[in-house]
Structures are given as C-alpha cells and as structure tokens.
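A.B. asks: test case, fold it:
(chains A, B, C and D)
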There are 2 protein chains.
Amino acid sequence: MKTKETRTQKRARRTRKKLKKAALDVFTEKSVAAATVEEITEKADVGKGTLYQHFADKDQIVVTLVDEAVDHLIGRFRAYDCKPETLEDMLQHLLNAHYDFSVECREEFLLLFQGKLLLKLESDTMDELEEPYLRYLQEIEHQVAPYLSPRIDTVKIRRLACAVAGFVFGFFSFAMIGMTEKEIEASVNPLRRVFVRSLCAFLGR
Amino acid sequence: MKTKETRTQKRARRTRKKLKKAALDVFTEKSVAAATVEEITEKADVGKGTLYQHFADKDQIVVTLVDEAVDHLIGRFRAYDCKPETLEDMLQHLLNAHYDFSVECREEFLLLFQGKLLLKLESDTMDELEEPYLRYLQEIEHQVAPYLSPRIDTVKIRRLACAVAGFVFGFFSFAMIGMTEKEIEASVNPLRRVFVRSLCAFLGR
DNA sequence: GTCGAAATTGACTAAATAGTCAGTATTGAA
DNA sequence: TTCAATACTGACTATTTAGTCAATTTCGAC
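C.D. replies: Numbering: from 1, shown residues only, chains lettered A, B, ... in the order given. Okay, the predicted model is just below:
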C-alpha cells in the first residue's frame, strides 16, 4: 500500500538532498576530514540544527554518500544493452563503466577514493564504511563469475576484483598528475586492452 | 669545506627529527587533514613554538615528509645488486621495490597515498606537493627508458609509469579491504608476473 | 480556523585549534 | 665566568568548530 507523500515529507526530502549535494561538493573541494558542518550547511543554505536532524554527524553523511556512490557505480556495471559474451568483453565493460563513472561522476569518484583512505587508516571509527566497498568488490566478482569455471578458487576471483578496482582508481589518480586530459583519454584504450588481456591470462583463459 | 656540527645544531636536528617522526605517526593514524599541531607536538614531546621554529605550518611538514618518502622509494628503485638485463626484469624489480616499500615503510606508503589525494582535490594550496610525485614518475621513466627504443613516444613511457604506479597503489589499497595479509602476499607474484608481461606486450617487446 | 506534529533555524555554549611571544634553557666564543 | 646567540617552552589570544535547544515556520487533520 503506497502512501502518498505529504508536502512535509517532500520538503524534508528536498532539504536532505540539498545537504547531501552540498556535502559532496565540500568533500570534493576540501577533503572529507577538513570539511566542516558549517561549510556544508552554508553551501546547502540550510540551518545547522537541520543537518543534525537528518544525520547524526559528519561521518554519517560520508557513509550515506559513499553508499550511494557505490550504488551508482554498480548500476553502471549492470547497464549493458546485451550481456557480454566473453570474459574479455565483460572486463572491457567493467573498465568502461569505471572510466565513464570517473569522468561523469567525478565528485563521487573522488569521494570513493577518499573513503578508501579513511578505511586504510588506523582508526576504528568508520566500520560502517567498509560495507559499501565490499559490496562493490562483490559486484565485480558477481559480474565476472559466470564467465569462469565453477571450480575456480574464490581467492582468485577476489584478486581479480581487487586488480580491476585498483587499476582503475590507481591509474587515473596518477595520470591526473603526469598527463593531460587528452593524453589520459588516448591512454585508456591501449592500457585497458593490456590490462584485460593480462587478467584473462591470469585466469588461465 | 665541511664544518663540524656543533652540539646546538645536533640538538636542533634531533628535535626536527622527532617532529617529523611524530607527524608521520599522527598523519597515519588520523589522516593529514585531521591531524593537529597539538597532537604532533605532544607525540614528539616538543613545545608548540618549536614546531613553528622548524616548519611554517602543518602543510610544510607534509611537503617535507612526502619529499623524503619519495626519496626513499626512489632509493629502492635504484638499489639492485646487478642491473636488470631485460625490460621484464626491470619492471619486476620496480614492482618488487614498491611492494617492499609498502610493507616495510607502511607509514610513508600511506602518506604518499594521502598526498596523492590532496593533489587531486580542487584546492590550490599545495602546489609544492606536486614536485615529488612528478619526480617519482620521472624516476620510473628513467629506470625503464634504457630498455626501450630511443624513438618511443614519451607519452607512452608516461603511460607506463602511471600504470605501474597506479597498479601498485591501487591494488594494495583495495586488497587491504577484501583480502587477508596472507592472501595479499600470495597474490603478489601471479599478478605481478601477468602485469609485467602485459606491459611488455604493450610496449611492443 | 485551530492546534499539534514535524521540519527548520541560528544564537549560544563548550571545546578545540593555529599561531604568538615573553620567558627559559642550552650552547659556544671570548 | 660572562654574555650573546640559538633552541626551546607553553600560557595566552583570537578564531574556529561541533553540537544543543528554545523559538519559529510549515504542514496536515479536524
């Protein structure tokens, strides 16, 4: 039974959306750790108390945004006109999806990068943040598994997922320093082909 | 003409060293952006004013530490018993050097990761930070160039450098979530071999 | 229109932080 | 030993920040 949304609920939803968008902007510009609640609420044009109505604290905003960014990325993994026929095609598709995401959803891409770093540091504060990243890796594995032998070692699949993820995030992060935008674009095809071939070789195909 | 170091100079050098080590610890535990001068000086057991005697501000500590971490990593690139004979051997060596660095100098590895992120964000505050990263990429290129045709496109070499860097930093960063320490270790050899072979294929060798 | 519920506001409080600088400690030359 | 230079200290100041909560605004049922 779908209840019609009241104007009160719509208003709250709109406010929440403004907060999330503003937070993503500030996280992109200042980094997650350096971002302040003041800046976010100012950018969102929303009262400070309102932010705390919607989120327990800044960390909760981060978790929410990372969750959504991972959902968006996973959505791109699942978006193909026709299902790829070979492992190579699927890997190509996955790398394409990453690349398009990194270009078209740059703020979310940067947020995922930052989230990775937070997880890596020695603090125990953001256990919740691990779940979306695991989900992300699992989705890569899920997309790839049908193309593999049913008896293949799960560790090997996890290696593959990490390699795909790592290559994408890593290459682009360094390319942004040492190469122009045109050079990056021109590099994507050749390196992607190399990478796909090497992963297939790794999996014995 | 080498002047003998006075005890005053030795004392200052010791203090500076303490500050740098403490800063690296705090950056590792809290992240660069979240680290405070108070925490660093407390950990170093050094007065607050002393820190400002040695460094203009926190950013300057970061730049100094990144500079040194890159020097250390470059030192590992250059440390071989006998010069590798083939491109594959050199690439293997470079990947080994990265891996050893990431295990043995974990704090510096994490710092380099964080520095990359700071460069990526939209702020113009840390232009000085770019130089060590470019130096790092250039060193990879320099180590690899003798094995390549003199006529090879410089963009192609830069691609290679970014791919090596990206693969290393990226793979390990994701592996740390999705895999155990033993699994990571067991993954390094097979993935590295495949990656090296593919890069050589990429370069037409 | 009334009144209670829900959403929002932003002044305020307590705590945290960067940076300063007068005072202190250590060193080194004479 | 004296005195100046250098290195260091940490209380202090001004500023910034997270979080609170009484007041206000908006909404919705009657």
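
A.B. asks: nearest spatial neighbour of the residue most central in space within chain A, chain-adjacent residues omitted?
C.D. replies: Closest to where the C-alpha atoms of chain A average out (CA atoms, centre = their mean) is A:Val70, at 4.1 Å. Excluding the flanking residues, the one nearest A:Val70 by CB to CB, 6 or more residues apart in numbering or on different chains is A:Pro132, at 4.1 Å. Heads up, the C-betas are built off the backbone N, CA and C, glycines and all.

A.B. asks: what's the average pLDDT for the helix or strand the one you found falls within?
C.D. replies: Per DSSP states H and E, A:Pro132 falls inside helix A:130-144. Average pLDDT, helix A:130-144: 90.

A.B. asks: chain center to the next helix or strand after that helix, what's the gap?
C.D. replies: Moving toward the C-terminus from helix A:130-144, the next helix or strand (DSSP H and E) is helix A:154-178. Per CA atoms, centre = their mean, to the nearest Å, the displacement of helix A:154-178 from the mean C-alpha position of its chain is 13 Å.

A.B. asks: ok, stretch A:66-77 next?
C.D. replies: 6 Å.

A.B. asks: and it, which residues are buried?
C.D. replies: Neighbour counts over stretch A:66-77 (16 or more other CB atoms under 10 Å in any protein chain shown) mark A:Val66, A:Asp67, A:Ala69, A:Val70, A:Leu73, A:Ile74, A:Arg76, A:Phe77 as buried.

A.B. asks: before we move on, the earlier item: what sits up against the helix holding A:Pro132?
C.D. replies: With CB atoms under 8 Å, 6 or more residues apart in numbering or on different chains as the test, helix A:130-144 has contacts from A:63, A:66-67, A:69-70, A:73-74, A:77-78, A:87, A:90-91, A:94, A:115-116, A:119, A:157-158, A:160-162, A:164-165, B:174, B:177-178.

A.B. asks: same deal with stretch A:5-17?
C.D. replies: The contact list for stretch A:5-17, computed with CB under 8 Å, 6+ apart, reads A:Ala44, A:Val46, A:Thr50, A:His54.

A.B. asks: number of residues surrounding the first one?
C.D. replies: The criterion is other CB atoms under 10 Å in any protein chain shown. On that basis, A:Ala44 has 21 neighbouring residues.

A.B. asks: where's it relative to A:Ile61, distance?
C.D. replies: 11 Å (CB to CB, to the nearest Å).

A.B. asks: joint contacts of these two?
C.D. replies: With contacts taken as CB under 8 Å, 6+ apart, A:Ala44 and A:Ile61 have A:Leu19, A:Ala23 as neighbours in common.

A.B. asks: would stretch A:4-24 count as contacting DNA strand C?
C.D. replies: Yes. Counting by CB under 7 Å from any atom of the strand, DNA strand C has neighbours in stretch A:4-24: A:Thr8, A:Gln9, A:Arg11, A:Ala12, A:Arg14, A:Thr15, A:Arg16.

A.B. asks: can you tell me the element the closest residue to DNA strand C within chain A falls in?
C.D. replies: At 1.8 Å from DNA strand C, A:Gly49 is the closest residue in chain A, using CB to the nearest atom of the strand. If you go by DSSP H and E, A:Gly49 is part of helix A:48-54.

A.B. asks: which other helices and strands contact that helix?
C.D. replies: helix A:7-30, helix A:37-44 (3 or more CB pairs under 8 Å, 6 or more residues apart in numbering or on different chains; DSSP states H and E).
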